[in-house]
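In: predicted model, plus sequence, below.
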Amino acid sequence: MKEIEELEKPNVLIVGAGPVGVLTANLLGREGIPVLLIDQNPGILEIPRAISLDQDALRILQAAGLGEEASKIMPSISYVEMISPYVGTLARINSMGSMDGHPRLVSIYQPDLERLLRKGLERFDHVKLWSECTYLTHIESDSEVIVKVKCNGTTYRISTGFILGCDGAHSQIREKQGWKLKGSAYKEDWLILDVDDMPNVLDKVEFICDPKRPIAHVPGPGKSQRWEFLLRNGETREEMERPEKVAELIRPWGELSSMNVQRKAVYRFQAKTADCMGKGRVFLLGDAAHLTPPFAGQGLVSGMRDSFNLAWKIASVLRKEASKDILSSYNLERKPHAKKMIRLAVFLGSIIMTRSRIAAFFRDFLMKFLSLTPARPYLSDLRLKPDNSFSKGLFLKKSTLKNSSICPGSIFPQAPLRLKEGNWELSDSLLGPNLCLVGYGVHPYRNLSQSCIELWEKMGGRILYISNQQQNSEIISDSAEDVTSSFLKFFGGADRFVIVRPDKIVAAVSYGKDADDTILRFAEIYQGKAL
């Protein structure tokens, strides 16, 4: 067994170099954290799997410094349509336009996304990727984790601060910890068919809610498309994957002989969550922590939210800006939200998948009725999707602002701001990768005591002042102007402060006169008081 000598001791070891593992390595790399990323495969799997992302995922890629490159390979999806063979369109969900500075829904080719993420690692000398390297076991202590891995026939013993299991549904990290996936597996199997070089570009998601055979039809980038066909009772994997059967299923859209089939495989979807997503120095992310049916397009996005939530917390602990206690908030925040997304996917699946004509009739009647009621926006404007917000976690729960839509535990909005030089920036770029105290309508320096400013800086915090149009914008550093008034409705008025975490979750809100007290109370939980 060899100690690693040629590599600086990694502060974090990540097992699994899929999109979630590599994204996490990018986020930690930007924070200057030494990382070792290992994967048992020699390279990227050149098959399409995840096929869509939402604005949350794009915002996370922006935070990783890869937003501009990502936008070039991810076309927008116009809408999502549910179609009944009996009454036609049941619901049309609008996904056009933007939210938080990004398209609401885009299609992706996962291998291209993974190439982008791996290229991002090249920016960091302190992040290493070892391919064809297998995780064997680990032992955790109060001060470190000792991990054994096998690479090219040699077993290495690696000392690290944290180990992150991004190693998929059959996670060895999860198994070693004794944590279990709990939930259910669908009894139904689906044939997944990915096709490239289609003659026409598809810009919408179609759910064909036919009880004879439910079908999902999803666009990919360019001329690629995906179909998901529910297997009928008695149909087998072998039968469904035969070329003649695939040709029969795909015939309404064209002849199989003229298509370039990238993948055909039968899958059974699962709706499960790990009973623990992280504790001590060991954490699970992505499919290792939760398995989501594809009907809401949230599987990979949930894993990316895991990454965004955890990476900055680990970086803050390693820099000694925060107490190790804050890491317990990862499980508190992410597990309930992942469950909400799974429930949404299961609900949408129940609408799509019913095989009963009687159930389909009542579904069609109910959906048509709801389209005529005030409930319609919940279907047409994607309001069914749970907000990325938490009821428990690393924030001051009781702080509120009158007439404001911002509350602790919710996501802070993103919008364009004008800088004093006259150019425009999306607000996340100004908030940066640190804790940020945002003052609206008054600069925080006018309210904060010197001792609180010093405490804030010790916590790694920075300050941003946003002026509104009714003010003469102060020509000072760390300032920007809310020319579009996008933030006015969120803050609800001037002389208001918000603490924004690096993952853009609101940690606290206050009026100017209470700014010192708010920082002191947040510092208590950030630097050691239990959540």
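Out: Okay, I see it. Numbers count the residues shown, from 1 in each chain.

In: give me the beta-bridge partners of D194?
Out: R226, R263 (DSSP bridges).

In: OK, contacts around the spatially closest residue to S510 that is not a sequence neighbour?
Out: Nearest residue to S510 in three dimensions, chain neighbours excluded: T518, at 3.9 Å (CB to CB, 6 or more residues apart in numbering). Backbone N, C-alpha and C define where each C-beta goes, glycine included. Applying CB atoms under 8 Å, 6 or more residues apart in numbering, we find T518 in contact with L396, S399, F497, I499, A508, V509, S510.

In: so which of the residues you listed belong to strands?
Out: F497, I499, A508, V509, S510 (DSSP state E).

In: now the buried members of the residues you listed.
Out: Neighbour-count burial within the ones in strands among the contacts of T518 applies to F497, I499, A508, V509, S510; the criterion is 16 or more other CB atoms under 10 Å.

In: need those residues in JSON lines (columns: pLDDT and distance to T89).
Out: Listed next are these as JSON lines, based on pLDDT from 0 to 100; distance: CB to CB, whole Å:
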{"residue": "F497", "pLDDT": "94", "distance to T89": "46"}
{"residue": "I499", "pLDDT": "97", "distance to T89": "44"}
{"residue": "A508", "pLDDT": "96", "distance to T89": "44"}
{"residue": "V509", "pLDDT": "94", "distance to T89": "42"}
{"residue": "S510", "pLDDT": "93", "distance to T89": "47"}
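
In: can I get those in JSON lines with distance to E238?
Out: Formatted as JSON lines, those follow (distance: CB to CB, whole Å):
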{"residue": "F497", "distance to E238": "63"}
{"residue": "I499", "distance to E238": "57"}
{"residue": "A508", "distance to E238": "58"}
{"residue": "V509", "distance to E238": "58"}
{"residue": "S510", "distance to E238": "63"}
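
In: which one of these sits closest to S224?
Out: The shortest approach to S224 among these belongs to I499, at 42.8 Å (CB to CB).

In: thought N434 was touching the closest one, still the case?
Out: No - contact criterion CB atoms under 8 Å: I499 and N434 do not qualify, at 11.1 Å.

In: what touches both of the two?
Out: G461.

In: before we move on, the earlier item: identify the farthest-apart pair in the contacts of T518.
Out: L396 and F497 (11.9 Å).

In: what residues sit buried inside the helix or strand in which K340 is found?
Out: Assignment of secondary structure by DSSP states H and E places K340 within helix 328-353. By 16+ other CB under 10 Å, the buried positions in helix 328-353 come out as 328-335, 337-342, 344-346, 348-349, 351-353.

In: which elements pack onto it?
Out: strand 181-196, strand 204-208, strand 260-274, strand 278-279, strand 290-291, helix 299-318 (3 or more CB pairs under 8 Å, 6 or more residues apart in numbering; DSSP states H and E).

In: quick one: contacts of the fourth one?
Out: Contacts of strand 278-279 with the rest of the structure, by CB under 8 Å, 6+ apart, involve Q177, L284, L310, L327, S328, Y330, N331.

In: now the closest residue to the second one other than its chain neighbours: phi and psi?
Out: What it means is L284. Leaving aside its sequence neighbours, L284 sits nearest to G165 (CB to CB, 6+ apart; 4.6 Å). Main-chain torsions, G165, degrees, to the nearest 10: phi -90, psi 100.

In: right, and G165 touches I173 too?
Out: Yes - using CB under 8 Å, G165 is in contact with I173, at 2.9 Å.

In: where do the contact lists of these two overlap?
Out: With CB under 8 Å, 6+ apart as the test, G165 and I173 both reach V15, V282, L284, A288.

In: the third one is in contact with K176, isn't it?
Out: No - here L284 lies out of contact with K176, judged by CB under 8 Å, at a distance of 11.0 Å.

In: quick one: which of the two has more around it?
Out: Per other CB atoms under 10 Å, whichever of L284 and K176 has more neighbours is L284, with 28 against 17.

In: hey, which helix or strand in the chain has the poorest pLDDT?
Out: Ranked by mean pLDDT, DSSP states H and E, the weakest helix or strand in the chain is strand 2-3, scoring a mean of 51.

In: contacting residues around the residue lying closest to K339 once chain neighbours are set aside?
Out: In space, not counting the residues next to it along the chain, K339 is nearest to T273; the distance is 5.5 Å by CB to CB, 6+ apart. Contacts for T273 (CB under 8 Å, 6+ apart) come out as L181, K182, G183, A289, H290, L291, K335, A338, K339, I342.

In: the third one bridge partners, please.
Out: I take that to be G183. K272.

In: now for the contacts of T273: which two are most distant?
Out: Farthest pair in these, by CB to CB: L291 and K335, 13.3 Å.

In: residues of stretch 75-95 that come out buried?
Out: 75-84, 90-93, 95.

In: let me fix that, I meant to ask about stretch 487-499.
Out: F487, L488, F490, F491, G492, A494, D495, R496, F497, V498, I499.

In: for E188, state which of those is nearest.
Out: Nearest member of the buried residues of stretch 487-499 to E188, counting by CB to CB, is F490, at 42.8 Å.

In: sec struct for the closest one, please.
Out: Per DSSP: H, G, I helix; E, B strand; the rest coil, the secondary structure class of F490 is helix.

In: am I right that it is in contact with S410?
Out: No - contact between F490 and S410 fails when scored by CB under 8 Å: they sit 10.1 Å apart.

In: count of residues packed around the closest residue to A265 other than its chain neighbours?
Out: Among residues not flanking A265 along the chain, I192 sits closest, at 5.3 Å (CB to CB, 6+ apart). Burial of I192 is recorded as 18 neighbouring residues (other CB under 10 Å).

In: next one: the one 3 residues further on
Out: Per other CB under 10 Å, the neighbour tally for V195 reads 24.

In: thank you, goodbye.
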